[in-house]
Every structure is written in C-alpha cells, then in structure tokens.
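Undergrad: sequence and predicted structure are below.
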Amino acid sequence: MKITIQIIMLFILSSVYAMHKLPPINSINSIENKCSVTSVTLKTERIEKKRKFLFWKLPHKKIIHIDQVFDSSGKRILKKTTIQVCSSCSCDDIKYRRVKIVNNEIWIFHYNTNPEKGIIKRYDFCGKFLGQKAWEDESFNDD
C-alpha cells in the first residue's frame, strides 16, 4: 500500500513539475502570430546537364529547377528542387508552376500523374506550414 501511495505522489509531483515548465497558453498564441515578414522574393535557377552513358552523349538532358523564397533581409525561407529528364528539343516548351506567391502565402504545387491527386501546400511568409488543398483550378499553370 505504501508503494502505491509513493508512486502516485511521484506521478503527481512529476506532472506538476512538467506543467510548471510549459509556457502559458496566451504566450503560445503570441509566439505563433509573430510572423513579421511582409514581403518575399522568389528566385528561380535553371541548370541543364547533358546525359552520358560511358563516353556516349545521349539525346536527353537533365534539367534542375531550384526555386528559393527569400525575405527582405536575404534569409532563405523555403527551397524547392525539381528534376526533369527529357529530350533536348522538347524541354524548352514545357512551362509549369512549381512555387507561387499568393495573398501573403507561399504555394508549392505537387504534381501527380493523376490530376485529382495533385495538391498545393500552403506556407506563410515565415515558412510555417498552413495546410494543403486540392489542386482543382487549371488557371495556375499560366504565368
């Protein structure tokens, strides 16, 4: 009986200590709303590499798109890399959206072979994940 009382007292003391270490709920809400970034810049870099097999050049090339979002002080918030392999003449026509800035949000488009499974991940200007939504509207493909 004494052992169970000691275990219960130990549990109560540890839970009180753990609750004492947590910040109050009001301070948690104020921390979440502290995103002070008002403007961001989207920079895109394109790298093309010829593909080779041993010493032969293949008729394909590898294209790497690096999309980076920077705040006004030059700190990188998000980075998205897209790799594409295609024939050397057909890659120049392909234009698609990877990252877009819409209404104080950063949208990252995730493509899928099944168009119904394409999603848009939404982030705020501080880089915090806000949620995701289904990609239904086709107007996002245009620049």
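TA: Now that the structure is in, tell me what you want to look at.
Undergrad: could you name the helices and strands sitting against the helix or strand hosting residue 131?
TA: Counting by DSSP states H and E, the secondary-structure element that holds residue 131 is strand 129-134. Other elements packing on strand 129-134 under the criterion 3 or more C-beta pairs under 8 Å, 6 or more residues apart in numbering; DSSP states H and E are strand 119-123. The C-beta positions use only the backbone N, C-alpha and C, and glycine is treated the same way.
Undergrad: got the CA positions of the strand it packs on in PDB?
TA: The C-alpha coordinates for strand 119-123 follow below in PDB (Å, rounded to 0.1, in the frame of the first residue of the first chain):
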ATOM      1  CA  ILE A 119      -2.100  19.100 -54.100                       C
ATOM      2  CA  ILE A 120      -1.000  22.600 -53.200                       C
ATOM      3  CA  LYS A 121       0.900  23.000 -49.900                       C
ATOM      4  CA  ARG A 122       0.500  26.500 -48.300                       C
ATOM      5  CA  TYR A 123       3.100  28.200 -46.200                       C
END
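Undergrad: now the strands for this protein?
TA: For the chain, applying DSSP state E gives strands covering 40-53, 56-71, 76-87, 99-102, 105-110, 119-123, 129-134.
Undergrad: restricting to C-alpha, output the fifth one in CSV.
TA: Presented in CSV, the C-alpha positions along strand 105-110 are these (Å, rounded to 0.1, in the frame of the first residue of the first chain):
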residue,chain,number,x,y,z
GLU,A,105,1.1,32.9,-48.7
ILE,A,106,3.6,30.7,-50.5
TRP,A,107,2.1,27.9,-52.5
ILE,A,108,4.1,24.9,-53.5
PHE,A,109,2.5,22.8,-56.2
HIS,A,110,2.9,19.0,-56.1
